[in-house]
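*Asks:* Build me a model:
(2 chains)
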Amino acid sequence: MWMVNFRSPYGTRRLVLASVLLLLVVLFLLPNQSQGLLQYISNPLGQVISLPLQAISWIDNGISELWAGYVALQVVREENEQLRREMDLLRGQNSQLREAAAATERLKSLLQFKEQAASVMVAAQVIGRDATNSYRSVILNKGESDGVKPEMGVVTPVGVVGRVVKTTGATAVVLLVTDPNNAIAGLIQRTRDEGIVEGTHQGLARLKYIPLLSTVRDGDRVVTSGLVGGFPRGLPIGTIRRIDRSEGALFQSAELMPEVDMSRLEEVLVIQDPRGESSSAN
Amino acid sequence: MNVLIYSGLVLLLIPLQSTLLPHVIVWGVKPDAGLVAACFIGLIAGELRGMVVGLAIGWAMSLFSAGELWVSLVTKGGAGFCAGMMGRHLTRVSPSLMGIGVFAMSCLSGLMELFMLASLSESWWHVWSIILPQACFDALVAAGSYWVFSEWFVRERFAMSPRY
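*Replies:* Now for the predicted structure:
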């Protein structure tokens, strides 16, 4: 029979309770001062926990690939044919874009524009999602030891994903652009009107503070403005699908469909050093 | 030995919560395995251990969440402590009672996070779409887990061991 003595000495119990209360008071009253110490203590803990996290993520990805590759074959054929059609379309667009790029190069050399320096990026894998239901975030397998710091922007080749909000030695937490607590400076590519992109509860994004005189319409693309935050100018955020104008409001807002499918994130790029846009000709 | 068990629990809880549980999302929420674990430990091992292990779970979970550290500490540590205190006054714990207790803890925990998070205009959406579904999910998981594991050790603990 398993018998356990659950009695604790009263002294130990009071000491532990007092220590916990003191810790909470310090955290609540001195958040900035305690942040550095907590970060120093949390780094090795984060490194230790990241090991089983990456192992289980690896197993999870393997099972998902096995299912998609061998069990779910019924959708593979239709998907293959659709992808072939899309590839043919993209080939045609590619050749047009090459022509446009060549013309742009000629014009740039004529106007003596400076070359825009490429951003310094580090690739990372998504190994998990937020541990709570209150935030929309993902966990990456790169952390402070890999040069990832808070406030760095995170993107994919398709568009903006979010920004880093927390790091440990081996992992980073990225708050997605669809989270209501996230705010990214954006601008409408066609009209050049600027606003703030925030997430919505429905898992989409909203561009707020658009001037009332703006000629924004459905289908307009929203990109990063590069004014603040860890993003260079011009990265796609989403496409406008509905505009909201209220009577008597000072600004209008627009609902965006993000470019990136947040439910299918696997690999991302963390922008370590965003560069500004080209300066004008002499 | 207990330290090793609790450490292993904390180490495995984070991959479970972050990597595996997202596959069982229902109505946009997943269960909070950390809260359920803290309640279990508080109920079985007493309020002190429940609080300390709850604090450890809260700390570890906050490293892999965009939320505030102290909110996580208070919710998980508080859940473990309260479960331990409630366990002092119970001689028989059924799965349904376990579920009700965890439902209440989860609601309290969610309301505390809401107090830190949302503006007043979004409060009702947060309660209806996240707090209540999560509390139901946590209660189901807790009741089911208790029903499975109680046959092994908990019945002896509540039926025969002295409380003090």
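*Asks:* Just list the residues touching the residue in the stretch 51-200 of chain A that chain B sits nearest to, thanks.
*Replies:* Of all residues in the stretch 51-200 of chain A, residue A:128 sits closest to chain B, at 3.2 Å by CB to the nearest CB. Glycine gets a C-beta too; all of them are placed from N, C-alpha and C. Going by CB atoms under 8 Å, 6 or more residues apart in numbering or on different chains, residue A:128 touches A:53, A:57, A:138, A:139, B:15, B:18, B:19, B:22, B:64.
*Asks:* and if we set it to 10 Å?
*Replies:* Applying CB atoms under 10 Å, 6 or more residues apart in numbering or on different chains to residue A:128 gives the contacts A:50, A:53-54, A:56-57, A:60, A:137-141, A:171, A:173, B:14-22, B:64.
*Asks:* Tell me how many other residues crowd the closest residue to it other than its chain neighbours.
*Replies:* By the measure of CB to CB, 6 or more residues apart in numbering or on different chains, the closest residue to residue A:128 outside its immediate chain neighbours is residue B:18, 3.2 Å from it. Residues lying near residue B:18 (other CB atoms under 10 Å in any protein chain shown) number 27.
*Asks:* Within the helices and strands, which one has the closest residue to residue B:34 other than its chain neighbours?
*Replies:* Distances taken as CB to CB, 6+ apart put residue B:57 closest to residue B:34, at 4.4 Å, once the chain neighbours are dropped. According to DSSP states H and E, residue B:57 maps onto helix B:47-63.
*Asks:* Who are the packing partners of that helix?
*Replies:* On a contact count with 3 or more CB pairs under 10 Å, 6 or more residues apart in numbering or on different chains; DSSP states H and E, helix B:47-63 meets helix A:10-29, helix A:31-66, strand A:160-167, helix B:2-15, helix B:33-45, helix B:69-87.
*Asks:* In chain B, what residue comes closest to chain A?
*Replies:* residue B:18 (3.2 Å).
*Asks:* what's the angle between the helix of greatest length in chain B and helix B:33-45?
*Replies:* Across chain B, the longest stretch assigned as helix under DSSP state H is helix B:95-117. For helix B:95-117 against helix B:33-45, the angle by axes from the mean of the first three to the mean of the last three CA atoms, to 10 degrees is 130 degrees.
*Asks:* remind me which residues of chain B are low pLDDT?
*Replies:* Counting by pLDDT under 70, the ranges of chain B that qualify are B:1, B:117-121, B:151-164.
*Asks:* Find the nearest non-adjacent residue to the residue most central in space within it, please.
*Replies:* Taking CA atoms, centre = their mean, the centroid of chain B lies closest to residue B:35, which sits 1.8 Å from it. Leaving aside its chain neighbours, residue B:35 sits nearest to residue B:79 (5.3 Å; criterion: CB to CB, 6+ apart).
*Asks:* Could you give the number of residues near the one you found?
*Replies:* Around residue B:79 there are 32 residues (other CB under 10 Å).
*Asks:* Pull up the gap between it and residue A:51, please.
*Replies:* 27 Å (CB to CB, to the nearest Å).
*Asks:* ok, now residue A:162?
*Replies:* 25 Å.
*Asks:* Next: residue B:133.
*Replies:* Residue B:133 is 32 Å from residue A:51, by CB to CB.
*Asks:* These two: which is more packed in?
*Replies:* The neighbour count for residue B:133 versus residue A:51, taken as other CB under 10 Å, is higher for residue B:133 (18 against 12).
*Asks:* secondary structure element for the more buried one?
*Replies:* Judged by DSSP H and E, residue B:133 forms part of helix B:132-149.
*Asks:* What are the boundaries of the helices in the stretch 101-250 of chain A?
*Replies:* For the stretch 101-250 of chain A, applying DSSP state H, counting those that start in this stretch gives no helices.
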